[in-house]
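>>> What shape does this take:
(2 chains)
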Amino acid sequence: MVKVFIYPATSLILSDMVARFGHTPLSSATAIRERIQTAGLESPPLQITPEEPKKGLKWAAVEVPAGVRGRMSLYGPMIEACEAAIIINDADLAFGCMGCARTNELIKFLVHQKDIPRLELNYPKNDDEGVKFVAAIKRFLTELGEAK
Amino acid sequence: MTQPVRIAQLSCGPEYSGIQHEIDEAAREVGGEIFYPDVALKDIRRDFTKFGLDVKSPDLKLAIARAIALVEGRVEADAVFIATCFRCAEAAIVRNELRRYINEHSRLPVVSYSFTERTTSGTLLTRMEALTTIARRRALLARETQKGLTLGLDSGSATTKAVVMRDNRIIGTGWQPTTEVIKSANEVIAHALSEAGVTRDEIQAVGTTGYGRFLIGKEINADLIQEELTVNSKGAVYLANRQHGPATVIDIGGMDNKAISVMDGIPGVFTMGGICAGASGRFLEMTAKRLGVEITELGPLSMKGFGGRVPMNSYCIVFGTQSLVNALAAGSTREDVAAAACHSVAEQVYEQQLQEVDIKEPVIMVGGTSLIEGLVFAMGELLQTKIVVPPYSQYIGAVGSALLASGFIKDD
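Just a heads-up that it's a prediction; the model follows:
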């Protein structure tokens, strides 16, 4: 079993796929609803207090916006703990979405810094790409299990 | 029970900064209710493209879609609160453009704010109160003349002012530095009443504003207790005789500054605050003290000097004071230093706050600092316009309170 960080971390589909292949998904467990009535697209799954942006100072300096540091207090430990990662670029909002582009840049950078197995894909735009997309994730997760 | 004022929140980052509950609390305290305009994912995709600002953060795309939903009337609101993280350039662009867009295409009052994790409900209270006042008291704010005999009191952070008005004329004033809030208020009221030649019992209605408005309002049983953003706007256009059409009101106060874009006397967009006391009247007080002159002499002194000869940046009051001391030590004249201090304060307000409101002429400067000619001159130079300083500008909050309080006179 491998700890796999997924990006977007809010993607339930990705999280589910990782779990089905016997690995541990590192992700936020918030569902993205079709109707949005909360402040952000991925309103925080945990009780965030003003202490969280301070904890986020471990990954981003004080001149970085508080919202980035608050997010990093959640995702920073996941990135540190992960043994593999799946990154989906340009994902549709409905697939899983993280609200702050600056945090997203930092998360991807930190994942790239780690010497771990990593699958990086663009979000599929049609059915053919969709089939290849799922197959690539399946292959990656299977090989992760075999390597372990 | 009165329905809460519905304040639509357009934001990026408050939840992850841990301050969403502070925003909710500030709104609740003034009878408001924060809500998030309900939009669908397809609205975000469509409206973000339509708006044409190609930002990357999905939450900012959501804010854009929500703003369009408000302007197009798909979601109803009484006011709008736009909040994004301090120091995020992408969010600052969106915040400004949404504020401008909503102001141009709707009658919704808007306040924008950039927060940190240290933002508290107390910081947001006056802004939220102004939003709810505009939404609730539009009819009162439309009042153009003062009737009867009324008293207005402005309990500010630096000074306390009182004004007695009768039938649209100021007949008594009182002014003194704020020390003990209630004592200062009682003394200026006594002075204003004495100058007006009337007794407290004859006063038909009383209004209070400023930092001490709640305390004093309760103490003297005021009919109107209202924040200074709406009151000062009203007082400014009334005294400047510009009650119709657009105007911009600038009030550089002792503790914070207000920049208000006004239409027909009612604020549309406003900002309040400042990064540091270096951009407030407090820095000018320190300058006067260091130059060995009364604050009332700083204006004439600065008009004799040339600020360009002294490098000064009061972005921070400590650094500003260092510049001041260094300049004097290097042999700069007091006149030049006074002019540089005025220019620096004007420049900070211009750079930090006036970018958040649309400057529309006439530009009206009010508050005690509007009596410092050098500051008014510097602001005029920066804005390339002739600044209007109305009579009694230092009493602006008290006049606005007395004017609006007359709406509470029975049989009116």
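
>>> what residues does chain A put near chain B?
Where proximity means CB under 8 Å from any CB of the partner chain, the interface of chain A facing chain B comprises A:34-41, A:43-44, A:48-54, A:63-71, A:93-94, A:97-102, A:104. C-beta here means a position set from N, CA and C on the backbone, and glycine is covered the same way.

>>> Any of the residues you listed buried? List them.
Neighbour-count burial (16 or more other CB atoms under 10 Å in any protein chain shown) is assigned, among the residues of chain A next to chain B, to A:36, A:39-41, A:43-44, A:48-50, A:52-54, A:64-71, A:93, A:97-102, A:104.

>>> So which of the residues you listed belong to helices?
Counted as lying in helices by DSSP state H, out of those, are A:Glu52, A:Pro53, A:Lys54, A:Ala66, A:Gly67, A:Val68, A:Arg69, A:Gly70, A:Arg71, A:Ala101, A:Arg102, A:Asn104.

>>> a markdown table for those residues, including pLDDT?
A markdown table is the format used below for these (pLDDT from 0 to 100):
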| residue | pLDDT |
| --- | --- |
| A:Glu52 | 89 |
| A:Pro53 | 93 |
| A:Lys54 | 93 |
| A:Ala66 | 95 |
| A:Gly67 | 94 |
| A:Val68 | 95 |
| A:Arg69 | 95 |
| A:Gly70 | 93 |
| A:Arg71 | 92 |
| A:Ala101 | 95 |
| A:Arg102 | 95 |
| A:Asn104 | 95 |
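
>>> Identify the spatial nearest neighbour of whatever residue of chain A ends up closest to chain B, chain neighbours not counted.
For chain A, the residue positioned closest to chain B under CB to the nearest CB is A:Gly67, at a distance of 2.6 Å. The shortest distance from A:Gly67 to any residue that is not its chain neighbour, by CB to CB, 6 or more residues apart in numbering or on different chains, is 2.6 Å, and that residue is B:Gly13.

>>> And the pLDDT for the one you found?
As summarised for this prediction, B:Gly13 has a pLDDT of 94.

>>> right, and it touches A:Gly56 too?
No: because the distance of 11.9 Å does not satisfy CB atoms under 8 Å, B:Gly13 is recorded as not touching A:Gly56.

>>> ok, and what's touching the helix ranked longest in chain A?
Ranked by residue count, the top helix of chain A under DSSP H comes out as helix A:127-147. Residues outside helix A:127-147 that contact it (CB atoms under 8 Å, 6 or more residues apart in numbering or on different chains): A:1-2, A:4, A:14, A:17-18, A:21-23, A:84, A:86, A:117, A:119, A:121, A:123-124.

>>> For burial, what's the neighbour tally of the residue of chain B found nearest chain A?
When scored by CB to the nearest CB, chain B has B:Gly13 as its residue closest to chain A, at 2.6 Å. Taking other CB atoms under 10 Å in any protein chain shown as the neighbour definition, B:Gly13 ends up with a count of 35.

>>> I'd like the average pLDDT over stretch A:22-41.
Model confidence over stretch A:22-41 averages 68 on the pLDDT scale.

>>> So, low pLDDT: which residues of chain A?
In the prediction, chain A carries residues with pLDDT under 70 at positions A:29-38, A:42-47, A:147-148.

>>> and with 80 instead?
Per-residue confidence for chain A (pLDDT under 80) gives these ranges: A:29-48, A:145-148.

>>> mind listing the strands for chain A?
Assigned by DSSP state E, the strands in chain A fall at A:3-7, A:24-26, A:35-36, A:84-89, A:118-122.

>>> now, of those strands, which is deepest in the fold?
For the strands of chain A, the largest average neighbour count (mean count of other CB atoms under 10 Å in any protein chain shown) is found in strand A:3-7, namely a mean of 24.

>>> ok, B:Ile68 touching B:Asp47?
Yes: judged on CB under 8 Å, B:Ile68 makes contact with B:Asp47 at a distance of 4.4 Å.

>>> So between the two, which is more surrounded?
Neighbours per residue (other CB under 10 Å) separate B:Ile68 from B:Asp47, with B:Ile68 holding more: 24 against 20.

>>> can you pull out the helices in the stretch 1-150 of chain B?
Counting by DSSP state H, counting those that start in this stretch, the stretch 1-150 of chain B forms helices over residues B:20-29, B:41-51, B:58-71, B:89-105, B:121-136, B:138-141, given from the N-terminal end onward.

>>> Can you lay out those as TSV showing distance to B:Ala341 and mean pLDDT?
Rendered in TSV, the data for those read as follows (distance: least, CB to CB, whole Å; pLDDT from 0 to 100):
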stretch	distance to B:Ala341	mean pLDDT
helix B:20-29	34	95
helix B:41-51	42	90
helix B:58-71	38	96
helix B:89-105	28	93
helix B:121-136	27	89
helix B:138-141	35	88
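
>>> what would those helices look like in TSV with distance to chain A?
Compiled in TSV, the helices of the stretch 1-150 of chain B are given as follows (distance: least, CB to the nearest CB, whole Å):
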stretch	distance to chain A
helix B:20-29	6
helix B:41-51	5
helix B:58-71	3
helix B:89-105	7
helix B:121-136	12
helix B:138-141	28
